[in-house]
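Trainee: quick check, what structure comes out for this input:
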Amino acid sequence: MITWHNGTVPSHQEEEESADEYQRSECVLGYIPVIYYSILLCVGVPVNILTLVALSRLAARTQKALYVYLLALTGSDILSQLFIIFVGFLLETAVFHRDVPVVLLRSVSALEFAANHASIWATVPLTVDRYVALCHPLLHRQISYPARARRIITVVLTLALASGVPFFWWSDVWRVSSPPNTLDSTLIWVHVTIIYFLPCSIFLVLNSLIILRLRRRQHQQRRQEDSRQQRASAGRLGKTTAMLLAITSVFTVLWAPRTAVVIYHLYVSSVHRDWSVHLAYDLANMLAMLNTAVNFFLYCFVSKPFRGAVRDVLLLKGAPLHPPRSFHHRHVSANTSNSSLSSNAKRSHRDATPLSALSADITA
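Mentor: The predicted structure follows:
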């Protein structure tokens, strides 16, 4: 990510290193990374801003915690694109190179890691929310609401910001000729644990439980006839779960090469000394940063409400905060109000209706 001299190596030792030492492990891709990151930035930032606006409309319209988590994920992706791609890869590497003060570079590095951690960990409460919705629906109706989701996201973002502070001392894996020392090894393992191993373990466990729950539910539905409303609700639930599985799967695939290359650099061959490792590290970074721009297309592929919200934004159509109630819903409400004056038998029949509706809602 960030390129600077290793702060753990004294400056007089760096000056004594030969010129041939610094010429090893040249970047064989040339200007390809600069072109790639420029395109990714020009496409990714507008797309994520469009996603942010569309999700904001859906969150205001539906009042669901799901869209609060997706908003946090999209905002973190935008921060990652600005700090890592724009500042880290483009401005610092292609424009400023090494003329920027080391303190400024390291401060930006801490912000890069904080934004990166926030982008990954914003998906964790979303995964937990989907797991609770499927496996504990009654509990989900009690604890899942936008205000609570915003508090959870605030805690996650605060912890992500704090987790970026130790990476102020992250060294330059591209240009440092000396092997990684104890501090470098510790930071590398903390990084791959926070960014990959720990969240992927959570995704693997919860997604496995979600898939098992869905298969069990499908098996039960084959044995008994369900109402059309229940099947439609299950379809909506399946699409939401499919969106979650797509987000976590894409992250796992795109970040796996970078994690492997970082560990390889630590124990086998240095990025500075081996041009093939340098090439692998550059390509792995390019794949990892692609993760910040693909969620929009996943949402469009899976979610019909999201496609409608995007269409309204592009066509400059205003959307009501709360959709109008249908004539059938108003008619049912009026009948329910009038039935409050009826006999006890009718009152008990009226009380049974919300229970069935609640059962269908829980299934959704």
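Trainee: how distant is stretch 185-192 from the center of its chain?
Mentor: Distance, stretch centre to chain centre, for stretch 185-192: 21 Å (CA atoms, centre = their mean, to the nearest Å).
Trainee: can you list the residues that contact it?
Mentor: 113, 166-167, 169-171, 180, 259, 262-263, 266 (CB atoms under 8 Å, 6 or more residues apart in numbering). Where C-beta positions appear, they are placed from N, C-alpha and C, glycine not excepted.
Trainee: for those, point out the one with the lowest pLDDT.
Mentor: Note: of those, the lowest pLDDT belongs to Pro180, at 78.
Trainee: strands along the stretch 1-150 of the chain, start to end?
Mentor: Taking DSSP state E, counting those that start in this stretch as the test, none of the stretch 1-150 of the chain falls into strands.
Trainee: circling back to that earlier point, can you pick the most crowded of the contacts of stretch 185-192?
Mentor: Phe113 (29 neighbours; other CB atoms under 10 Å).
Trainee: so what's the residue count around the residue nearest to Pro33 when sequence neighbours are not counted?
Mentor: In this structure, Pro33 finds its nearest non-sequential neighbour in Asp282, 5.9 Å apart by CB to CB, 6 or more residues apart in numbering. Neighbours of Asp282 under the rule other CB under 10 Å: 20.
Trainee: isn't Asp282 right up against Val34?
Mentor: No. Between Asp282 and Val34 there is no contact under CB atoms under 8 Å: 11.1 Å.
Trainee: quick one: low-confidence ranges for the stretch 101-250 of the chain?
Mentor: Regions of the stretch 101-250 of the chain meeting the criterion pLDDT under 70 cover residues 172-177, 224-238.
Trainee: pop the domain breakdown of the chain in here.
Mentor: Split into domains by automatic domain parsing, the chain comes to 11-323, 329-364.
Trainee: what's next to the helix or strand hosting Phe306, contact-wise?
Mentor: Element membership of Phe306 [criterion: DSSP states H and E] is helix 304-314. The contact list for helix 304-314 (CB under 8 Å, 6+ apart) reads 50-51, 53-55, 57-58, 62, 239, 299-300, 317-319.
Trainee: now, which of those lie within helices?
Mentor: When those are checked against helices (DSSP state H), the matches are 50-51, 53-55, 57-58, 62, 239, 299-300.
Trainee: what about burial for those residues, which qualify?
Mentor: 50-51, 53-55, 57-58, 299 (16 or more other CB atoms under 10 Å).
Trainee: dump the contacts of stretch 185-192 into a markdown table; add distance to Cys200 as well.
Mentor: Shown next, in a markdown table, are the contacts of stretch 185-192 (distance: CB to CB, whole Å):
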| residue | distance to Cys200 |
| --- | --- |
| Phe113 | 18 |
| Pro166 | 21 |
| Phe167 | 20 |
| Trp169 | 25 |
| Trp170 | 21 |
| Ser171 | 25 |
| Pro180 | 23 |
| Thr259 | 9 |
| Val262 | 15 |
| Ile263 | 14 |
| Leu266 | 19 |
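Trainee: of those residues, closest to Leu157?
Mentor: Checking the contacts of stretch 185-192 against Leu157 by CB to CB gives Phe113 as the nearest, at 13.5 Å.
Trainee: ok, Thr74 - contacts?
Mentor: With CB under 8 Å, 6+ apart, Thr74 has these contacts: 48, 51-52, 55, 295.
Trainee: could you export those as TSV, including distance to Ala72 and pLDDT?
Mentor: What follows is those, written out as TSV (distance: CB to CB, whole Å; pLDDT from 0 to 100):
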residue	distance to Ala72	pLDDT
Asn48	12	96
Thr51	12	96
Leu52	10	96
Leu55	10	96
Asn295	12	92
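Trainee: between those, which is nearest Thr127?
Mentor: Distances from Thr127 to those, taken by CB to CB, are shortest for Asn295, at 14.2 Å.
Trainee: so which helix or strand takes in the closest residue to the closest one other than its chain neighbours?
Mentor: Using CB to CB, 6+ apart and skipping residues adjacent in sequence, the residue nearest Asn295 is Ile247, 6.2 Å away. Using DSSP H and E, Ile247 maps to helix 228-267.
Trainee: tell me the angle of that helix relative to helix 304-314?
Mentor: Helix 228-267 runs at 80 degrees relative to helix 304-314, counting by axes from the mean of the first three to the mean of the last three CA atoms, to 10 degrees.
Trainee: roughly how far does the residue nearest to Pro33 sit from Val28?
Mentor: Distance check for Asp282 against Val28: by CB to CB, to the nearest Å, it reads 8 Å.
Trainee: likewise for Val128?
Mentor: 43 Å.
Trainee: neighbour count: the two, which is higher?
Mentor: Each of Val128 and Val28 has its neighbours counted (other CB under 10 Å); Val128 has more, 15 against 11.
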